[in-house]
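In: Okay, here's the prediction I keep looking at, along with the sequence it came from:
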Amino acid sequence: MAMTDDYLTVCPFFKVGKLTNNIYHISCEPPKGASTIKLGFYGQKLNTWRSKYCRNINGYHECPIAKILLEQLEKES
């Protein structure tokens, strides 16, 4: 599971958020076979995404990235 730099994040797959060239990027733990995964946001869309998925204990299960990772974990167990 990933470590986070955002103390409000509850998603175990969130890694880091960074502002680069006026685009806020969220990096998450990548699925198997990938080296990285990163999402880019402008403005309010970031806050909407984070509220819905990253900072919501029930909502992170619905995140498209988390769904993939959770499925992989289920297959491994």
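Out: On my side now, so go ahead. Numbers count the residues shown, from 1 in each chain.

In: C-alpha only now, for contacts and for neighbours.
Out: OK.

In: Buried residues, the lowest-mean-pLDDT helix or strand in the chain. List them.
Out: One helix or strand of the chain scores below all others by mean pLDDT, DSSP states H and E: strand 14-20, with a mean of 87. Using 16 or more other C-alpha atoms under 10 Å as the test for burial, strand 14-20 gives 14-17.

In: If you average the pLDDT over stretch 62-69, what comes out?
Out: For stretch 62-69, the mean pLDDT works out to 94.

In: would you put the C-alpha positions of it in CSV?
Out: The C-alpha atoms that make up stretch 62-69 are tabulated as CSV, following Å, rounded to 0.1, in the frame of the first residue of the first chain:
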residue,chain,number,x,y,z
GLU,A,62,-15.5,3.3,-6.5
CYS,A,63,-12.4,5.0,-7.8
PRO,A,64,-11.5,3.5,-11.2
ILE,A,65,-7.9,3.0,-10.2
ALA,A,66,-8.7,1.6,-6.8
LYS,A,67,-11.1,-0.8,-8.4
ILE,A,68,-8.3,-2.3,-10.5
LEU,A,69,-6.0,-2.5,-7.6
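
In: and residue 43, how far is that from residue 24?
Out: 8 Å (C-alpha to C-alpha, to the nearest Å).

In: between those two, which one's more packed in?
Out: Using other C-alpha atoms under 10 Å, the more surrounded residue of residue 43 and residue 24 is residue 24, with 16 against 10.

In: show me what contacts the residue lying closest to the more buried one once chain neighbours are set aside?
Out: Among residues not flanking residue 24 along the chain, residue 41 sits closest, at 5.2 Å (C-alpha to C-alpha, 6 or more residues apart in numbering). Residue 41 sits next to 23-25 when contact means C-alpha atoms under 8 Å, 6 or more residues apart in numbering.

In: thinking again about what came up before, give me the helices and strands touching whichever helix or strand comes after the least confident helix or strand of the chain, please.
Out: Note on strand 14-20: by DSSP states H and E, the next helix or strand toward the C-terminus is strand 23-28. Applying 3 or more C-alpha pairs under 8 Å, 6 or more residues apart in numbering; DSSP states H and E, we find strand 23-28 packed against strand 14-20, strand 37-41.
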